[in-house]
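Asker: What follows is a predicted structure for the sequence shown.
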Amino acid sequence: MIKVNVHEAKTQLSRLLARVSAGEEVVISKSGKPMARLVPWGNEKKDRVPGLDKGLVHIPEDFDAPLPPELLATFES
């Protein structure tokens, strides 16, 4: 991510757009405060839909049980 002030953004808009199209983000600031963000088109965040992976993951009942001593020794060495 690069940060530029308004004046620089106005004078170098074409260059900034080239960088944005390459995947970078540009933050435009006015008096040191961020005012806008240029991002590549199509990178909008999509709403998450709960439950899409339901049934795909199985967590066993003993998931948080202590490790067997021989396996624990491997991590501690």
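Answerer: Alright, I've got the coordinates. Numbers count the residues shown, from 1 in each chain.
Asker: what about Gly55, distance to Leu16?
Answerer: Applying CB to CB, to the nearest Å, the value for Gly55 to Leu16 is 46 Å. For the C-beta atoms, the positions are set from N, CA and C on the backbone; glycine is no exception.
Asker: Settle it for me: which of these two has more neighbours?
Answerer: More crowded of Gly55 and Leu16, by other CB atoms under 10 Å: Leu16, with 19 against 6.
Asker: Relative to Lys3, how far out is the closest residue to that one other than its chain neighbours?
Answerer: Once flanking residues are discounted, Leu16 sits nearest to Val26: 5.1 Å by CB to CB, 6 or more residues apart in numbering. Separation of Val26 from Lys3 (CB to CB) stands at 8 Å.
Asker: what's the answer for Lys54, then?
Answerer: Taking CB to CB, one finds Lys54 at 42 Å from Lys3.
Asker: Kindly report the same for Ala18.
Answerer: From Ala18 to Lys3 the distance is 17 Å (CB to CB).
Asker: before we move on, what about Thr74?
Answerer: Following CB to CB, the distance that separates Thr74 from Lys3 is 47 Å.
Asker: same question, Val27
Answerer: 5 Å.
Asker: more neighbours, those two?
Answerer: Remark: of Val27 and Lys3, Val27 carries more neighbours, 15 against 12, as counted by other CB under 10 Å.
Asker: contact partners of stretch 55-73?
Answerer: Under the contact criterion CB atoms under 8 Å, 6 or more residues apart in numbering, stretch 55-73 has outside partners Phe75.
Asker: start to end distance for it?
Answerer: 34 Å (CA to CA, to the nearest Å).
Asker: Check stretch 18-26 too.
Answerer: Using CA to CA, the two ends of stretch 18-26 sit 11 Å apart.
Asker: middle-most residue in the chain, spatially?
Answerer: By CA atoms, centre = their mean, the chain has its centre lying nearest to Lys45, at 10.4 Å.
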